[in-house]
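Student: The following block contains a protein sequence and its predicted model.
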Amino acid sequence: MSLPFLLEIGVEEIPDWMIRPALEHLRQSFAKMLAEHRLGGEVAWVDATPRRLVLRAEDLLPRQADAEEMVSGPPKSAGAGAAAGFAKKMNARVEDLGGTQTAKGEYYCYLRKQPGRAAGELLSESLPGLILGIPWPKTMYWTSKAGARFIRPIRWIVALLAGEVVPFEAAGVRSSNVSSGHRRLGAAHIPVTVEHYQDQLGANYVMVRAEERRKRIENCLAGSRIKPDPGLMDTLVYLTEYPTPIFGGFDPSYLSLPEEVLVTVMRHHQKYFSLLDDTGKLAPRFVAVTNTDGDPEGLIRAGNERVLRARFNDARFFWDTDQHKKLADRVEDLAHVTWQAKVGSYKEKTDRVVALVKELGGSADAQHAALLAKCDLTAEMVKEFTELQGIVGGLYARAQGEPEEVALAIYDHYKPESMDDEIPRTEAGRLVSLADKLDTLRGCFGVGMIPSGSRDPFALRRAAQGVVRILVEGGLSLPVSRLLGEDAQLREFFLDRVKYYFKDVRGFLYDEVNAVLAAGHDDLPDAAQRLAAVQAVRPTENFEPLAASFKRIRNILEQAEFRGGPFDEALVEAGPEAELVRQSSAVRAGLGDGYRENLEAIASLRPQVDRFFDKVLVNAPDTRVRANRLAMLHNLLAEFSSIADFSEIVTSKES
C-alpha cells in the first residue's frame, strides 16, 4: 500500500520573484528527506500562489522497512567482561554476539535490527525543520526575537498523509486539514482532502497551479494585440490567486512621449501590459491583471486609469524639465554622483571609460558617447524611473541633436543585461559598453570587492559575461590580456566566465572548451571559431585516437621532464619514425586559414603516430637518439596544438 501526501504552507503575500527558488528548494529538501528515511515515494509537483506554498507527493510507504546494521565490538582478546559490556549496550545476550575477522584480529560483532518507523511519525519530526529551512533573501521574526524566521508570517499549515493529519508545529502554528480561500472571494476556513484539494480551493477562487493562472490570463487576452512581455506575465502569475485582466485606456496625447517611457511606466510601476495598434505601434490602451473575479461597474478600470494618468503627467513633466539642460552640460555634475565610495565618482569613471574607448580604437562618436553615457543619472526622469537609465540618455541625445551613432551607443551601453538580452547594435555602442563593464571589473577588483559564493552586489559576473558576449558575438578581436591588465584574480574570474559562456550558453562540451582555451584565449572570436572546428571534426574516425596519442606524448614529455631541445633529422631512423617526420612536415606545409580543414589534416596523422608508438622505442639506449625523439614529439605537440590542446580531449576509453 502507498500513500499520497499534501503540504500547504499558508502565509501573508510573498514577493513574486522569491517564489520559484523557494519551491525548488522545497522540492529538493522533501525528496532528500524521503530518501534518507527510506519512505519511498516521489514529489509529484510543487506550486504556489502569493499566499501559499504547496507540495504534493505520491506513493509514500506507510512505514519504513526494517533495517539491519552490523555493529563492531571489542576484540575477543579483551575477555568475557568486554563481551558482556558490549552485549548489554546492544540490549542482547552474550551468546547472540558474532565474530568477525579483521587485519587486527578477531572482534565481537552484533547484527542489530532496527524496526521501521511509521511515515507519519517521521514526517512530524522532519517537516518543521524542512519548512523553516527554506532559504529566503530576507527573513523576519514573527513569534519572538529568538523564534522562527520566515519570509512572511505563517498563518496556517495543511499536512495530510492520505486522510490523516500529520501533527506538528512550526513558527507557533499547528498543522491541520484546514486551508483558506481567496482573501476576498473565498471562505476563510476550508477543510480539505488530499484527493480534492485543488477543486476545494478552486471553489473558493484559488487557482493553485501557476500554469492554470497563466492560461486564464492568456485566454482573456486572446485576440488582443499585446506587446509581448514574458517577464511581466511570470510576475502577474505569482501576484494573483484568481487573475482577471481588465482593459483600460489613456489620452492619446501621451503618445507624444517616447514609447520606452510609456511602456516602462506601465510595466515597472503599474504592472500593466501595453497594447499595440494595427501597425504595431503603441496604442492608447493597457491591460491590468487584477486578483479578483471581475469589474462589473468599471471601478477598478477607472482607478487604474486615474493612477496611470498621474504617472504619465509626471513623466511628461520630467521630460520637459530635463530638456532645459543638455547632456553635454551635465558632464561636470557627475562629479557629485558617487559610483562607489572606494573607487570614486561617476565623473572619474566617465573619464576612464572615455580613455579606454579611445585606447580600443573607438571613433570620435564612440568617445563622445562614452563622455555622455552616464549623464542621464542626473536627470529627473531617471531619478524617478531608474529602469530607464541609459535609455533616457539615448533618447535625450537624439532629441538634443546629437548624431544618431552617439544616441544609439548611449541607449545600448548597458546591454547585454542578461543572457536573453541582445548586445549593443553598433560598434560604437559595443565599445562603450565594453569599456564601461571593464572599468567596473577593474575598479571593483582593484579595491578587493570580489564576488564570493552567491554574493555579487555589484553584478560583476553579469559585467564579465557581457564583456565575453560583446567580444565573441560582436567579433571584436581585442586581446583579453590587455583588457584585463595584470590582476591575476580578475583574469581567473574572467576565464571562468569564458568557460561558462562556451559550455553552458553555447553548448560546447567541457573538454572541447578546455582543449581550445588551453591553446590560447586572448582572442575570443578566434577561440569561438576553433571550438566550432573541434566540434565539427570530433566525430571523425581519427580525431579521438589522435587525441589519445597526444595525451600519451604529453605524459612521455612530462615523465622525461623534457622542456625542448634541438631536433636533428640525421638521427631519424628509417621506417615508422621517418614516416611520421615526413608526413608531419607535409601536413604542416599544407595548413591554411581554415580551422576545420587544418584539424582534419592534423587528424590524418593518426596512422603514422600509431605506427611510431607500436614500432619505435622513444627511450632509446642511445642518449642522443632518445633526446632527438623527445624533441620530435615536443615539436609535434607544440606545432599541432595551436588550434586546440588535443591532450585535453576526453576519449571514449576514458569516459
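Tutor: Sure thing, it's come through.

Student: Figure out the length between the terminal residues of stretch 615-625.
Tutor: Its first and final residues considered, stretch 615-625 spans 15 Å by CA to CA, to the nearest Å.

Student: buried stuff in it?
Tutor: By 16 or more other CB atoms under 10 Å, the buried positions in stretch 615-625 come out as 616, 618, 620, 625. In this view, the C-beta of every residue, glycine as well, is placed from N, C-alpha and C.

Student: hey, where'd the helices end up in the stretch 1-150 of the chain?
Tutor: Across the stretch 1-150 of the chain, reading from the start of the chain, the helices by DSSP state H, counting those that start in this stretch fall at 19-36, 80-89, 119-132.

Student: Output the first one as CSV, restricted to C-alpha atoms.
Tutor: Listed in CSV are the C-alpha atoms of helix 19-36, where the atom choice follows Å, rounded to 0.1, in the frame of the first residue of the first chain:
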residue,chain,number,x,y,z
ILE,A,19,8.6,32.0,-5.0
ARG,A,20,10.2,29.8,-7.7
PRO,A,21,13.6,29.4,-5.9
ALA,A,22,11.7,28.6,-2.7
LEU,A,23,9.6,25.9,-4.4
GLU,A,24,12.7,24.3,-5.9
HIS,A,25,14.3,24.1,-2.5
LEU,A,26,11.1,22.7,-1.0
ARG,A,27,11.0,20.0,-3.7
GLN,A,28,14.7,19.0,-3.3
SER,A,29,14.5,19.0,0.5
PHE,A,30,11.4,16.9,0.7
ALA,A,31,12.8,14.4,-1.9
LYS,A,32,16.0,14.2,0.2
MET,A,33,14.1,13.6,3.4
LEU,A,34,12.1,10.7,1.7
ALA,A,35,15.3,9.1,0.6
GLU,A,36,17.1,9.5,4.0
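
Student: where does residue 295 land in three-state SS?
Tutor: For residue 295, the secondary-structure state derived from DSSP: H, G, I helix; E, B strand; the rest coil is coil.

Student: need the contact list for the nearest residue to residue 315 once chain neighbours are set aside.
Tutor: In space, not counting the residues next to it along the chain, residue 315 is nearest to residue 261; the distance is 5.3 Å by CB to CB, 6 or more residues apart in numbering. Neighbour list for residue 261: 315, 319, 381, 385, 388, 392, 395 [criterion: CB atoms under 8 Å, 6 or more residues apart in numbering].

Student: Would you tell me what helix or strand the last one is located in?
Tutor: The one in question is residue 395. Residue 395 is part of helix 391-399 when elements are defined by DSSP states H and E.

Student: ok, of the contacts of residue 261, which one's closest to residue 145?
Tutor: Using CB to CB, residue 385 is the member of these that lies nearest residue 145, at 38.3 Å.

Student: Can you read off the pLDDT for residue 571?
Tutor: Among the per-residue scores, residue 571 holds a pLDDT of 89.

Student: As a check, name the ranges of all helices in the stretch 301-450 of the chain.
Tutor: Under the criterion DSSP H, counting those that start in this stretch, helices of the stretch 301-450 of the chain are mapped to 346-359, 364-372, 380-384, 391-399, 404-412, 427-446.

Student: The ones you listed: which one's closest to residue 500?
Tutor: Distances from residue 500 to each of the helices of the stretch 301-450 of the chain were compared by CB to CB, and the smallest falls on helix 427-446, at 15.2 Å.

Student: For the closest one, buried residues please.
Tutor: Judged by neighbour count (16+ other CB under 10 Å), helix 427-446 contains these buried residues: 427-445.

Student: try stretch 481-498
Tutor: 483, 484, 490, 493, 494, 495, 497, 498.

Student: what's next to the helix holding residue 395, contact-wise?
Tutor: With CB under 8 Å, 6+ apart, helix 391-399 has contacts from 258, 260-261, 264, 322-323, 327, 369, 372-376, 379, 381-382, 385, 404, 406-412.

Student: what is the mean pLDDT for it?
Tutor: Mean pLDDT, taken over the full extent of helix 391-399, equals 95.

Student: Check the offset of that helix from the chain's centre.
Tutor: Distance, stretch centre to chain centre, for helix 391-399: 32 Å (CA atoms, centre = their mean, to the nearest Å).

Student: Can you show me the CA trace of it as CSV?
Tutor: The C-alpha atoms that make up helix 391-399 are tabulated as CSV, following Å, rounded to 0.1, in the frame of the first residue of the first chain:
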residue,chain,number,x,y,z
ILE,A,391,17.7,54.5,-22.5
VAL,A,392,16.8,58.0,-21.4
GLY,A,393,20.3,59.2,-22.2
GLY,A,394,19.9,57.8,-25.7
LEU,A,395,16.5,59.4,-26.2
TYR,A,396,17.7,62.8,-24.8
ALA,A,397,20.8,62.7,-27.1
ARG,A,398,18.6,62.2,-30.1
ALA,A,399,16.1,64.9,-29.0
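
Student: Please name the spatially closest residue to the most far-flung residue of the chain relative to its centre (chain neighbours excluded).
Tutor: When distances to the mean C-alpha position of the chain are computed (CA atoms, centre = their mean), the maximum falls on residue 80, with 61.6 Å. Using CB to CB, 6+ apart and skipping residues adjacent in sequence, the residue nearest residue 80 is residue 94, 7.6 Å away.

Student: I figured that neighbour was touching residue 84, is that so?
Tutor: Yes: the pair residue 94 and residue 84 qualifies as a contact (CB atoms under 8 Å) at a distance of 5.8 Å.

Student: wait, what's in contact with residue 96?
Tutor: Residue 96 makes contact with 87, 90, 110 under the criterion CB under 8 Å, 6+ apart.

Student: So which of these is the closest to residue 201?
Tutor: Set against residue 201, the nearest of those by CB to CB is residue 90 (50.8 Å).

Student: where's the closest one relative to residue 84, distance?
Tutor: Applying CB to CB, to the nearest Å, the value for residue 90 to residue 84 is 11 Å.

Student: Which one of the two is surrounded by more residues?
Tutor: The residue with more neighbours, out of residue 90 and residue 84 and counting by other CB atoms under 10 Å, is residue 90; that gives 17 against 13.

Student: got a list of what the more buried one touches?
Tutor: 71, 73, 96, 97, 110, 112.

Student: ok, 10 Å please
Tutor: With contacts defined as CB atoms under 10 Å, 6 or more residues apart in numbering, the neighbours of residue 90 are 71, 73, 96, 97, 108, 109, 110, 111, 112.

Student: Got a ChimeraX select line for the buried ones in the residues you listed?
Tutor: Buried residues within the contacts of residue 90, by 16+ other CB under 10 Å, are selected in ChimeraX with:
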select :73,97,108,109,110
